[in-house]
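# Sequence and computational prediction follow.
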Amino acid sequence: MTVPRIRVLRALRRRAWVIVAAIAICAAAAAALSGARTNSYTSSALVLVSSGADAKGPGDASEAINLASTYATLIPQDPGVTRYVGGKLGMSSGDVENDLTASHLTGTGLIKLAFKSDDADDAVRGAALTVGAITGDRPTSDSIGADSMRVVRAPSRDQGFSTDQTISPSASIALAIILGLFLGIVILIAWERADPRIDEPGDVELAAHLPASRLGDLSASARAALVQRLGGQAATGDGRRSTIALLPSADGQIVELQDAGDALWTATAGAKGGLADAAPTPGVVLGGTGPQELETLQAAEAGGARIVVAQQGMKVARLVAAVHHYERLGLAPQWVLMVKKASRSRRRAAAAPTDTGETVSWAPASAADAPAPSAHDADAPAERHEEDIASR
């Protein structure tokens with residue numbers, strides 16, 4: 001079975017709710033995650049490694065630079081420093097090591113210390129405790145000499161303080177809407193491919209390999225020509241009137257069959273000076289409520305030509321299954337007629353029990369005296385309904 005092309009507008013009318021649902025789900029998830037997000041805060045300080053400068057001279061700058069590089073690597077990993085800071089903050093040495101960073105500013109004796117925490121006050125305290133652990137005359141590390149570093153910039157909320165924020169709630173929701181739109185479109189396309197529908201006559205021709213027409217696109221003369229053409233193929237050659245059977249492609253299509261029968265018969269009976277006058281007007285009979293019904297089989301056997309009625313938007317698989325069903329019975333259809341799906345109210349009315357004696361055949365004696373159907377009144381003249389193939 002060939003998959004028909006996706007018609008965007010029809011697919012949107014059929015399954016636009018998929019896109020709306022995807023957008024809503026993604027937006028709700030983004031809003032929930034935004035509400036649960038945590039910010040991280042970083043407080044930094046700047047210390048200078050002494051070069052030994054005094055009144056006698058500037059000291060050895062190169063040694064200070066090398067020592068600053070060594071200290072920058074040492075400080076976050078020194079147990080004396082991490083234990084001291086962790087003990088004051090109630091953290092383990094390992095957590096302090098993960099949150100504490102020290103970087104050497106190349107070519108200088110400066111070291112930038114930074115402490116990161118989910119709490120702004122803890123970030124400032126952690127940086128201040130680190131500075132206290134490595135400066136002064138009693139550093140907590142045995143590897144750091146007394147008074148070997150001095151503070152250039154102390155930790156505070158005014159300098160060297162930053163907040164690492166995730167995407168704002170409004171921005172995250174906007175991105176979620178875009179993601180939801182993309183996801184919804186992907187799901188819609190995949191669903192349309194997995195569950196193709198009948199939207200155009202070309203879809204029928206691809207899937208069922210039968211010629212097809214949309215009833216709403218056919219003018220009255222085109223409908224009459226279609227009936228005459230198929231009726232001519234079904235002619236017996238003995239002068240008897242040919243009959244066209246309208247067969248359902250799915251269960252519960254009695255209203256659609258009735259609409260198709262009314263449209264074809266009205267167009268044929270109303271044609272003047274055209275094809276309808278060239279030959280006896282073919283009769284039109286309807287099948288039952290579904291392909292498996294006995295009334296459908298009787299109508300198909302009575303009809304010399306057979307038209308399968310398909311609802312626009314119905315599943316391709318159902319139509320193909322109905323066509324194959326008729327072919328297996330030796331009742332191969334010649335045409336597919338696409339009609340609009342009837343409303344629920346009309347469908348309920350058609351399914352209600354009736355004692356009016358309605359019939360499902362249009363069988364005039366000739367084209368000249370063929371009136372248009374009049375709602376199939378029980379008191380209508382007998383020549384309008386030659387035989388009852390199936391009761392509604």
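Okay, I see it. Numbering: from 1, shown residues only.
# List the buried residues for stretch 91-104?
Using 16 or more other C-beta atoms under 10 Å as the test for burial, stretch 91-104 gives 91, 93, 96-97, 99-102, 104. From N, CA and C alone the C-beta is placed, and that goes for glycine too.
# Show the residue spans covered by the strands in the stretch 201-350 of the chain.
Taking DSSP state E, counting those that start in this stretch as the test, the strands found in the stretch 201-350 of the chain are 212-214, 243-248, 283-286, 305-311, 335-339.
# looking at the ones you listed, which has the lowest confidence?
Here the lowest mean pLDDT among these goes to strand 283-286, at a mean of 86.
# Determine the set of other helices and strands touching that one.
Here strand 283-286 is seen to pack against strand 243-248, helix 254-270, helix 294-302, strand 361-362 when contacts are counted using 3 or more C-beta pairs under 8 Å, 6 or more residues apart in numbering; DSSP states H and E.
# Can you list the strands that that strand pairs with?
strand 243-248 (parallel), strand 361-362 (antiparallel) (DSSP bridges).
# I'd like the average pLDDT over the last one.
Which is strand 361-362. 58.
# The strands of the stretch 201-350 of the chain: which one's closest to Ala133?
For Ala133, the closest of the strands of the stretch 201-350 of the chain is strand 305-311, at 80.3 Å, according to C-beta to C-beta.
# and that closest one with helix 294-302, angle?
Angle of strand 305-311 versus helix 294-302, following axes from the mean of the first three to the mean of the last three C-alpha atoms, to 10 degrees, is 140 degrees.
# Return the list of helices and strands in contact with strand 305-311.
helix 220-233, strand 243-248, helix 254-270, helix 316-328, strand 335-339.
# Now tabulate those in JSON lines and tack on distance to Ile178 and mean neighbour count.
Output for the helices and strands packed on strand 305-311, formatted as JSON lines (distance: least, C-beta to C-beta, whole Å; neighbours: other C-beta atoms under 10 Å):
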{"stretch": "helix 220-233", "distance to Ile178": "47", "mean neighbour count": "19"}
{"stretch": "strand 243-248", "distance to Ile178": "44", "mean neighbour count": "28"}
{"stretch": "helix 254-270", "distance to Ile178": "41", "mean neighbour count": "22"}
{"stretch": "helix 316-328", "distance to Ile178": "32", "mean neighbour count": "18"}
{"stretch": "strand 335-339", "distance to Ile178": "37", "mean neighbour count": "24"}
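# hey, which strand is longest across this structure?
Longest strand in the chain, counting residues (DSSP state E): strand 40-49.
# residues in contact with the helix or strand just after that strand?
Sequence-wise, the next helix or strand downstream of strand 40-49 (DSSP states H and E) is helix 61-74. Residues outside helix 61-74 that contact it (C-beta atoms under 8 Å, 6 or more residues apart in numbering): 49-52, 102-105, 107-111, 134, 141, 143-144, 148-149.
# Only alpha carbons, please: show helix 61-74 as CSV.
Listed next in CSV are the C-alpha coordinates belonging to helix 61-74 (Å, rounded to 0.1, in the frame of the first residue of the first chain):
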residue,chain,number,x,y,z
ALA,A,61,60.2,39.2,41.4
SER,A,62,60.8,36.1,39.4
GLU,A,63,60.9,34.0,42.6
ALA,A,64,57.6,35.5,43.7
ILE,A,65,56.0,34.7,40.4
ASN,A,66,57.1,31.1,40.6
LEU,A,67,56.0,30.8,44.2
ALA,A,68,52.6,32.3,43.3
SER,A,69,52.2,29.6,40.6
THR,A,70,53.1,26.9,43.2
TYR,A,71,50.7,28.3,45.8
ALA,A,72,47.8,28.5,43.3
THR,A,73,48.1,24.8,42.7
LEU,A,74,48.7,24.0,46.3
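# ok, and for that helix, which residues are buried?
Using 16+ other C-beta under 10 Å as the test for burial, helix 61-74 gives 64-65, 67-69, 71-72, 74.
# between the residues you listed, which is closest to Val336?
Out of the buried residues of helix 61-74, the member with the shortest distance to Val336 (by C-beta to C-beta) is Ala72, at 80.5 Å.
# Tell me where the stretch 51-200 of the chain has strands.
100-104, 110-117, 149-153, 161-164.
# between these, which one is nearest to Ala28?
Among these, strand 161-164 comes nearest to Ala28, with 25.3 Å by C-beta to C-beta.
# Not counting its neighbours along the chain, what's nearest Phe115?
Gly126 (3.5 Å; C-beta to C-beta, 6 or more residues apart in numbering).
# Apart from its neighbours in sequence, what residue is nearest Gly216?
Lys340 (6.8 Å).
# Actually, Ala250.
Leaving aside its sequence neighbours, Ala250 sits nearest to Arg318 (C-beta to C-beta, 6+ apart; 5.0 Å).
# May I ask you to name the longest helix in the chain?
helix 8-36 (DSSP state H).
# Show me what that one is packed against.
Using 3+ C-beta pairs under 8 Å, 6+ apart, helix 8-36 sits against helix 169-194.
# what is the mean pLDDT for the helix it packs on?
For helix 169-194, the per-residue pLDDT averages 85.
# Could you list every helix and strand that that helix packs against?
Packed next to helix 169-194, using 3+ C-beta pairs under 8 Å, 6+ apart, are helix 8-36.
# Enumerate the positions of the helix it packs on that are buried.
Buried, per 16+ other C-beta under 10 Å, within helix 8-36: 10-11, 14-15, 18-19, 22-23, 26-27, 30, 34.
# circling back: of the helices and strands packed on strand 283-286, which is nearest Ser43?
Of all the helices and strands packed on strand 283-286, helix 254-270 comes closest under C-beta to C-beta, at 74.7 Å.
# Now do that closest one: distance to the chain's middle.
38 Å (C-alpha atoms, centre = their mean, to the nearest Å).
# Restrict that helix to CA atoms and write it as PDB.
Extracted in PDB, the C-alpha atoms of helix 254-270 (Å, rounded to 0.1, in the frame of the first residue of the first chain):
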ATOM      1  CA  ILE A 254     -25.700   4.600   5.500                       C
ATOM      2  CA  VAL A 255     -26.100   8.400   5.600                       C
ATOM      3  CA  GLU A 256     -23.100   8.900   3.300                       C
ATOM      4  CA  LEU A 257     -24.500   6.300   0.900                       C
ATOM      5  CA  GLN A 258     -27.900   8.000   0.900                       C
ATOM      6  CA  ASP A 259     -26.200  11.400   0.200                       C
ATOM      7  CA  ALA A 260     -24.300   9.900  -2.700                       C
ATOM      8  CA  GLY A 261     -27.400   8.200  -4.100                       C
ATOM      9  CA  ASP A 262     -29.500  11.300  -3.900                       C
ATOM     10  CA  ALA A 263     -26.700  13.400  -5.600                       C
ATOM     11  CA  LEU A 264     -26.200  11.000  -8.500                       C
ATOM     12  CA  TRP A 265     -29.800  10.200  -9.100                       C
ATOM     13  CA  THR A 266     -30.900  13.900  -8.900                       C
ATOM     14  CA  ALA A 267     -28.100  14.900 -11.400                       C
ATOM     15  CA  THR A 268     -29.000  12.000 -13.700                       C
ATOM     16  CA  ALA A 269     -32.800  12.500 -13.600                       C
ATOM     17  CA  GLY A 270     -32.400  16.300 -14.000                       C
END
